[in-house]
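> how would this look folded up:
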Amino acid sequence: MGLGTATALLLSLLTACTGQTAPTTSAPAPSASAAPTGVTPAPTTASAAPTVAEPSPTGAEPSPTGAEPSPTGAEPSAEAPVLGGTFVMAVGEDVPELDPHSLQSFANLQIYEAMFRRHPTEYGQFLPALAESVDVSDDGLVYTLNLREGVQFHDGTPFDADAVVFNLERQADPENPYHNGGQNWAGWALGNPGLVTGIEAVDPLTVRLTLSAPILDFDFILADEQAGFGMISPAVIMADPEGFGQNPVGAGTGPFMFEERVVGDRVTLVRNPNYWDEGKPYLDSWILRTIPDPGSRLLALKEGDIQMFDVSGPEIAQLSSDPDVELITVPPLFGSFIAFDYNDPIAGDPLVRRAISQAIDTQSIVTTLSPFAQVTPNFGLFPGMPGHRTDIEWYGYDPVAARASLEEAGYPDGVDLTLSFSTPPVGLNHQLLAQAIQGQMQEAGFRVTLAQVDGPTMFESGFGPPGREEYP
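The predicted structure is shown next:
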């Protein structure tokens with residue numbers, strides 16, 4: 001809706017990892033003991049370099065395939081790995097393409113890499129990947145990436161500073177002939193006019209990035225292979241700018257190489273024999289199957305056709321009582337939030353935002369929609385994320401106080417709002433979530449209209465134009 005009598009809110013999902021819980025059979029094959037792929041920590045500040053942990057000399061360093069981290073969250077075992085075999089994971093929706101600058105996918109985590117890896121158990125810790133280190137200026141405005149020597153893309157072309165610049169300029173420059181702004185945090189940061197002011201190849205193994213203002217989560221972005229720092233072979237992009245995402249042969253640097261995609265059925269990846277992390281990956285192949293029906297996914301798991309699938313919500317309660325299934329849980333660093341346009345006279349009013357916060361009973365919503373989900377207490381950063389605080393007093397659910405806040409804001413008769421939402425691949429069902437929020441807000445005096453939009457539209461509306469920010 002327009003300004004004045006009505007305004008728009010956006011219900012979105014902050015996706016920082018791949019899921020909450022993954023079931024495996026109670027007696028899985030060796031490759032099936034993997035925890036869900038990577039827990040993503042957020043950074044602390046933009047003025048400090050990411051804390052890069054030293055690789056373990058025992059060979060217990062976590063792999064980007066997700067095949068090594070212990071499902072209990074303990075440090076990976078130093079025992080000799082089991083070599084060979086195929087790991088099969090199932091998802092409910094088909095993968096539309098495999099361009100990491102456009103969409104997130106479990107398969108992309110195996111094909112592409114970023115500057116760093118997120119440590120699987122130590123929040124705020126990063127492991128070297130395509131960059132061995134990064135130097136950050138005292139003012140947080142200049143990041144100097146020191147790249148790993150000798151890395152090749154799957155097509156045999158070298159990974160170097162020119163390749164990094166090519167990938168970043170692809171997103172930052174709308175006039176770039178290969179432009180893809182991306183629907184992710186890095187795409188937002190790189191494409192936000194004037195925010196990234198310099199992308200420079202200093203020498204073949206050094207890249208200098210200059211910002212106009214500190215970006216608080218830039219170290220997270222540097223370690224996000226599903227965002228702008230997922231490196232793609234420039235030769236592959238130039239050979240087929242529009243279609244390589246459907247058939248990304250030779251595109252990445254990761255432990256597995258793309259072999260085949262059968263639309264609506266599977267993506268097949270095979271071991272990268274020239275992977276820079278010597279001896280890895282341990283598996284011969286990695287397959288992502290599309291099985292829309294939850295019952296069929298569970299049957300495939302029990303019959304040994306797949307080793308893992310990602311679940312959330314009501315499925316978890318059912319599976320937790322199944323003696324043939326083992327649930328592996330990791331801290332879920334994703335969540336749902338409402339984004340406001342602070343330039344809007346209604347959404348920009350802190351009294352209105354306070355009223356919305358007081359009107360929503362998050363605990364009852366979460367309990368109803370997903371018994372295993374958690375409510376973020378007190379502050380917008382999720383528990384376990386660096387920067388999360390418990391010393392900030394939150395307003396809490398109070399519909400009477402919400403009406404009072406709304407009246408104080410100058411709307412004694414209520415106000416019209418539009419709540420837009422999309423349906424993300426992980427997390428709570430956003431349609432049900434939006435309906436629950438609508439009902440509670442209306443009890444507090446808001447008149448809420450729901451509008452379902454696609455993911456790219458949601459991202460652009462929530463993070464594209466200046467002034468729109470997330471608000472938990």
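> C-alpha from now on. contacts and neighbour counts both.
Will do.
> Next, give phi and psi for the spatially closest residue to residue 253 that is not a sequence neighbour.
Once flanking residues are discounted, residue 253 sits nearest to residue 153: 4.5 Å by C-alpha to C-alpha, 6 or more residues apart in numbering. The phi/psi pair for residue 153 (degrees, to the nearest 10) reads phi -70, psi 170.
> Tell me which residues touch residue 153, please.
Going by C-alpha atoms under 8 Å, 6 or more residues apart in numbering, residue 153 touches 159, 232, 233, 250, 251, 252, 253.
> Turn these into CSV, including distance to residue 323, neighbour count and secondary structure.
Supplementary listing: the contacts of residue 153 in CSV, determined by distance: C-alpha to C-alpha, whole Å; neighbours: other C-alpha atoms under 10 Å; DSSP: H, G, I helix; E, B strand; the rest coil:
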residue, distance to residue 323, neighbour count, secondary structure
159, 47, 25, coil
232, 43, 28, coil
233, 45, 26, coil
250, 42, 21, coil
251, 41, 27, coil
252, 39, 29, coil
253, 39, 30, coil
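> Show me which of those is closest to residue 79.
residue 253 (26.4 Å; C-alpha to C-alpha).
> now the residue nearest to residue 253: how far from residue 232?
8 Å (C-alpha to C-alpha, to the nearest Å).
> Quick check: neighbours shared by the two?
Here residue 153 and residue 232 have 251, 252, 253 as joint contacts, going by C-alpha under 8 Å, 6+ apart.
> what residue ranges in the stretch 1-150 of the chain are flagged as low confidence?
1-78, 123 (pLDDT under 70).
> Residue 282: which element?
Using DSSP states H and E, residue 282 is not contained in any helix or strand.
> just residue 143 next, same as before
Using DSSP H and E, residue 143 falls in strand 142-147.
> Quick check: mean pLDDT of the helix or strand following that strand?
Counting by DSSP H and E, the next helix or strand C-terminal to strand 142-147 is helix 161-172. Mean pLDDT, helix 161-172: 92.
> same thing with stretch 291-302?
89.
> Over to stretch 318-336?
On average, the pLDDT along stretch 318-336 is 74.
> distance between the ends of it?
Terminal-residue distance, stretch 318-336 (C-alpha to C-alpha): 23 Å.
> likewise stretch 229-244?
18 Å.
> Buried residues, it. List them.
229, 230, 231, 232, 233, 234, 236, 237, 244 (16 or more other C-alpha atoms under 10 Å).
> Name the residues that touch it?
Here stretch 229-244 makes contact (C-alpha under 8 Å, 6+ apart) with 99-101, 112-115, 153, 155, 157, 159, 163-164, 166-168, 178, 186, 221-225, 248-253.
> what's the domain layout of the chain?
Domains of the chain are assigned by automatic domain parsing as 6-13+333-471, 20-329.
> who's residue 340 bridged to?
Residue 340 has these beta-bridge partners by DSSP bridges: residue 9, residue 469.
> my read: it touches residue 346, true?
No - using C-alpha atoms under 8 Å, residue 340 is not in contact with residue 346, being 9.5 Å away.
> State the distance from residue 220 to residue 126.
From residue 220 to residue 126 the distance is 9 Å (C-alpha to C-alpha).
> quick one: which of those two has more around it?
residue 126 (26 against 23; other C-alpha atoms under 10 Å).
> would the more buried one count as being in a strand?
Yes - checked against DSSP: H, G, I helix; E, B strand; the rest coil, residue 126 lies within a strand.
> hmm, back to that, quickly check the contacts of residue 153 for the two that are furthest apart.
Every pair of these checked by C-alpha to C-alpha; the farthest is 159 and 250, at 12.2 Å.
> Would you map the helices across the stretch 101-250 of the chain?
Ranges of helices in the stretch 101-250 of the chain, per DSSP state H, counting those that start in this stretch, are 106-111, 161-172, 185-191, 218-222, 234-239.
> Nearest to residue 435 among those helices would be which one?
The nearest among the helices of the stretch 101-250 of the chain, by C-alpha to C-alpha, is helix 185-191 at 26.8 Å.
> Mean confidence (pLDDT) on the closest one, please.
Across helix 185-191, pLDDT averages out at 57.
> Please apply the same query to stretch 202-216.
92.
> Determine how far the last residue of it lies from the first.
End to end - C-alpha to C-alpha - stretch 202-216 spans 24 Å.
> Okay, buried residues for it please.
For stretch 202-216, by 16+ other C-alpha under 10 Å, it's 205, 206, 207, 208, 209, 210, 211, 214, 215, 216.
> export those residues to a markdown table and tack on distance to residue 259?
Formatted as a markdown table, the buried residues of stretch 202-216 follow (distance: C-alpha to C-alpha, whole Å):
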| residue | distance to residue 259 |
| --- | --- |
| 205 | 29 |
| 206 | 31 |
| 207 | 31 |
| 208 | 34 |
| 209 | 34 |
| 210 | 37 |
| 211 | 38 |
| 214 | 40 |
| 215 | 37 |
| 216 | 37 |
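> Which ones among those lie within strands?
Mapping the buried residues of stretch 202-216 onto strands (DSSP state E) picks out 206, 207, 208, 209, 210, 211.
> so, if you compare those residues, which one comes nearest to residue 282?
Looking across those and measuring by C-alpha to C-alpha, the closest to residue 282 is residue 206, at 30.3 Å.
> Quickly find the element holding residue 416.
strand 415-421.
> Paired strands for that strand, with orientation please.
When DSSP bridges is applied, strand 415-421 pairs with strand 6-15 (parallel), strand 446-452 (parallel).
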